[in-house]
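Novice: Sharing a sequence plus its predicted fold:
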Amino acid sequence: MIDIGFGPQVCNELTSGATREWLVPDGVGGYAMGTISGLRTRRYHGLLVVAGETPASRRVGLVSLDPAVVFPSGAQVRLGAHEWSSGDVDPRGFELLEHFALVDGLPRWRWRIGDLVIERELAMLPGRPCVAVVHRLVSGGPVRLDLAAACTWRDAHGERRADGPVPRVEPVAAAGGGRGRVPARRAGLDARGAVVARRAPPRGGRARPHPDEDLWYAGRFSGPLERPGDTVSVLAWAGDLGAEPPPATEVVEVARRRNRRVVAQAKPADPVDATLALAADAFVVRTDASAVDVVAGYPWFGAWSRDTMISYEGLFLCTGRAEEGRELLRSYAATLSEGMLANTADTGRVEYNTVDATLWFLHAVSRHVTVTGDTDLGNELLPALRGVVDAHLAGTRYGIAVDPADGLLTSGAPGAALTWMDARVYGVPVTPRTGKPVEVNALWINGLAGLAELTGLAGQDAAELWRLHGGRPPRSGSVSRRRSAGCTTWWTRRHRRTRSVAPPTTTTTCSAPTSCWPGRCRTRRWSPTRPRCAGSPPGCSPRSVRAASPPTRPASSAGTGAARLSGTADTTRARSGRGCSARSWTPAGGPRSRSTSSSSASSRT
């Protein structure tokens, strides 16, 4: 993987260290997150942030473990960092931070105090809300290490203050805490229980509705570091408090081995691919409600179907996790209602208020079958996918329906924002986009083509789907054309892309050794090369004339047979099967010519 590390130039400077963040997920929607310097700059930062019934309903538990080194002389050096409501930053342990690195995806800090060097590693137990923090003596000693535990128990999107309800603390064996255990390994806990921290506004210009919060000082862990290799470790977990996790050092090794396995499974071609594969793994979670799901974004979001389906190929197919992806597609298909996928449940209820997420779902299923050859899944989901198309043809929620006049998808309802541009101000959509958004209809046409292919693979008649698509079943690697809403669209089977252009306003007649037709596609056999057509008769030159009707593909001709070339926008675009380009060619007996027209009406999807 890519070596990600920072030396004292970054670590010792507060602005640089406090603007670089790390995140370690637990695989169920929770995480540990913070900055290199140890200074919390978001309300979402914490060492144990626990997912609730949904990944979005997270609660912050363990906020920080502030280390302090106590020498035999009694001198104490604190290594943590807090910003107080007065604006003061104290302690300033980052000034002793020698190095920070991500090792197999896990953060590692190294502090140096003269000859004394201490490292900290942090990991979360995969599949469980449990964090392990291990401190190891690298050189020097003997010393004692104290760890001050600052805690809270609140919604991740808010704050908690001392004038609110008092935290409930339940003593347990060798531990103390609220709503969870914080047992120590080779460390003793001195339980205190007091409000000690009022944090100031975060740095870096991050706006917050409230400037500070109070934290609960749960107590202090303490343990000796006498010789290099000695450790002082702390575990914190939520959920089933009776099920004690493995030792902290074992949790770190388990997490490291799993991260290496995730990277190996992706079969990366280079360190960049390896790093991306591990980064993608953070978003794949398993919850009580779903065997496999995707977190739309840390630290704010839970599962959003649009984000899940857009990222599906990168998260599952490109990382060797097709079997998990298969589970996800099946589980999402079971939630279809009136031909729509639920948008999200982050708001506390399931909301079916998206026009494009379902179309992305069609695309994800099609890509899965294309990449993996899993026609069994395609056959299994085919009735559900046909139900999606039927519901859109008949009309479903929020005015989502196919316009019979042009075959395009229209949508919109008062107060609704159905696309990815769903921001609201005081409950009013900023960009409602009522009508026929361009990318939504690109997805609709793409979905029809993908579903038609799946239908054909299942041995069923796909003629009606191809009629809705506006084209005919293409041969492998070939191009089909669709005419709809006054546009000519080229669809390439190999790359599943559409390219729309305005109706042609000019045509030119040229003699060429091969047949050409208008449009532009991006398959490899239709590369935008510019060979010279030496077989054209003398005097051939492009002349603009008015097109009487939409262009049609001319019949193939041999030798110097004539072909009709149609131009659109400000430059004639035409391609032949052998690379002949009407954009640029050399007629026999004349210089290189280029055909242009004065029209500027061109659109792309």
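Specialist: Ah, there it is.
Novice: hmm, who's touching stretch 344-352?
Specialist: 54, 56, 296, 301-305, 335, 337-338, 340-343, 397 (C-beta atoms under 8 Å, 6 or more residues apart in numbering). C-betas here are computed from N, CA, C, even on glycine.
Novice: Just the buried ones among these, please.
Specialist: For those, burial is judged from neighbour counts taken by 16 or more other C-beta atoms under 10 Å, and it is met by 54, 56, 296, 302-305, 340-343, 397.
Novice: And the average pLDDT for stretch 263-283 is what?
Specialist: Averaging pLDDT along stretch 263-283 gives 94.
Novice: Now that stretch: buried residues?
Specialist: Buried, per 16+ other C-beta under 10 Å, within stretch 263-283: 263, 266, 268, 273-278, 280-283.
Novice: List the contacts of the spatially most central residue of the chain.
Specialist: When C-alpha atoms, centre = their mean is applied to the chain, the residue found nearest the centroid is S311 (5.6 Å). Shown in contact with S311 (C-beta under 8 Å, 6+ apart): 283, 294.
Novice: Then the one 5 residues further on?
Specialist: Contacts were defined as C-beta under 8 Å, 6+ apart; by that measure F316 touches 284, 322, 324-325, 328, 368.
Novice: what's the answer for G450, then?
Specialist: 362-363, 365-367, 496.
Novice: Phi and psi next, for it.
Specialist: Backbone geometry at G450, expressed as degrees, to the nearest 10, gives phi -60, psi -40.
Novice: go on, L317?
Specialist: phi -80, psi -40.
Novice: what's the answer for Q76, then?
Specialist: According to degrees, to the nearest 10, Q76 has phi -120, psi 140.
Novice: And the pLDDT for it?
Specialist: 94.
Novice: on that earlier part again, of the contacts of G450, closest to A462?
Specialist: Nearest to A462 among these is S366, at 12.9 Å by C-beta to C-beta.
Novice: Below-threshold pLDDT in the stretch 451-600 of the chain: ranges please.
Specialist: 471-600 (pLDDT under 70).
Novice: Try it again at 50.
Specialist: Applying pLDDT under 50 to the stretch 451-600 of the chain picks out residues 477-600.
Novice: do the stretch 151-300 of the chain as well
Specialist: Checking the stretch 151-300 of the chain against pLDDT under 50 turns up 174-187, 197, 201, 204-210.
Novice: before we move on, the earlier item: out of the contacts of G450, which is most surrounded?
Specialist: Among the contacts of G450, V365 has the most neighbours (other C-beta atoms under 10 Å), with 27 neighbours.
Novice: Confirm that that one sits in a helix.
Specialist: Yes - counting by DSSP: H, G, I helix; E, B strand; the rest coil, V365 falls inside a helix.
Novice: if we can go back for a sec, looking at the contacts of stretch 344-352, which gets the smallest pLDDT?
Specialist: T54 (79).
Novice: Which residues are in contact with that residue?
Specialist: 29, 287, 289, 302-303, 345-346.
Novice: quick one: which helix or strand includes it?
Specialist: Using DSSP states H and E, T54 sits within no helix or strand.
Novice: My read is that R154 contacts R160, right?
Specialist: Yes - the pair R154 / R160 is scored as a contact, 4.1 Å apart, by C-beta atoms under 8 Å.
Novice: From the buried residues of stretch 263-283, which land in strands?
Specialist: Among the buried residues of stretch 263-283, no member falls in strands (DSSP state E).
Novice: Quick check: of those, which lies closest to N441?
Specialist: The closest of those, once distances to N441 are taken by C-beta to C-beta, is F283, at 28.3 Å.
Novice: Next up, the contacts around that closest one.
Specialist: Counted by C-beta under 8 Å, 6+ apart, F283 has contacts 294-296, 298, 311, 315.
Novice: now do 6 Å
Specialist: Each residue near F283 by C-beta atoms under 6 Å, 6 or more residues apart in numbering is listed here: 294-295.
Novice: Need the three-state assignment for V252.
Specialist: Going by three-state DSSP: V252 is helix.
Novice: nope, V117 is what I meant
Specialist: strand.
Novice: beta partners for it?
Specialist: V117 has these beta-bridge partners by DSSP bridges: R112, S139.
Novice: Isn't it up against S139?
Specialist: Yes - with contact defined as C-beta atoms under 6 Å, V117 and S139 form a contacting pair (4.6 Å).
Novice: Setting aside sequence neighbours, what's the nearest residue to G105?
Specialist: Spatial nearest neighbour of G105, chain neighbours left out: N259 (4.5 Å); criterion: C-beta to C-beta, 6 or more residues apart in numbering.
Novice: Pull out the buried positions in the strand or helix carrying A150.
Specialist: If you go by DSSP H and E, A150 is part of strand 143-155. Of all the residues in strand 143-155, those buried under the rule 16+ other C-beta under 10 Å are 143-154.
Novice: one step back: out of the buried residues of stretch 263-283, the closest to A81 would be?
Specialist: A282 (24.8 Å).
Novice: where does that closest one fall, phi/psi-wise?
Specialist: According to degrees, to the nearest 10, A282 has phi -60, psi -30.
Novice: all helices of the protein, in order?
Specialist: 8-11, 14-18, 248-266, 271-281, 305-310, 312, 322-333, 357-372, 375-394, 438-457, 463-469 (DSSP state H).
Novice: Generate CSV for those, with distance to A405 as supplementary columns.
Specialist: As requested, the helices of the chain are arranged in CSV below (distance: least, C-beta to C-beta, whole Å):
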stretch, distance to A405
helix 8-11, 60
helix 14-18, 57
helix 248-266, 47
helix 271-281, 42
helix 305-310, 28
helix 312, 33
helix 322-333, 31
helix 357-372, 20
helix 375-394, 14
helix 438-457, 13
helix 463-469, 14
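Novice: Show me the one of those helices that comes nearest P228.
Specialist: Using C-beta to C-beta, these put helix 248-266 closest to P228, at 15.2 Å.
Novice: for the closest one, packing partners?
Specialist: strand 116-124, strand 130-139, helix 271-281 (3 or more C-beta pairs under 6 Å, 6 or more residues apart in numbering; DSSP states H and E).
Novice: who's in contact with the second one?
Specialist: When contacts are taken as C-beta under 6 Å, 6+ apart, the neighbours of strand 130-139 outside the stretch itself are 32, 47-48, 65, 117, 119-124, 145, 225, 228, 230-237, 245, 248-249, 251-252.
Novice: I'd like to know which of these are buried.
Specialist: Looks like the contacts of strand 130-139 have 32, 47-48, 65, 117, 119-124, 145, 225, 230-237, 245, 248-249, 251-252 buried, using 16+ other C-beta under 10 Å.
Novice: can you count the residues close to the nearest residue to T308 once chain neighbours are set aside?
Specialist: Nearest non-adjacent residue to T308, counting by C-beta to C-beta, 6+ apart: V294, 4.2 Å away. By other C-beta under 10 Å, 26 other residues sit near V294.
Novice: V294 contacts I310, correct?
Specialist: No - using C-beta under 6 Å as the test, V294 is too far from I310 to be in contact (9.8 Å).
Novice: just to revisit the earlier point, of the contacts of G450, which pair is most distant in space?
Specialist: V365 and R496 (12.5 Å).
Novice: closest to G105 among the buried ones among the contacts of stretch 344-352?
Specialist: The closest of the buried ones among the contacts of stretch 344-352 to G105 turns out to be A296 (C-beta to C-beta; 20.4 Å).
Novice: is it true that A364 touches G314?
Specialist: No - counting by C-beta under 6 Å, A364 stays clear of G314, with 10.9 Å between them.
Novice: Of those two, give the one with the bigger neighbour count.
Specialist: A364 (23 against 13).
Novice: mind listing what that one touches?
Specialist: 309, 312.
Novice: likewise R367?
Specialist: E313.
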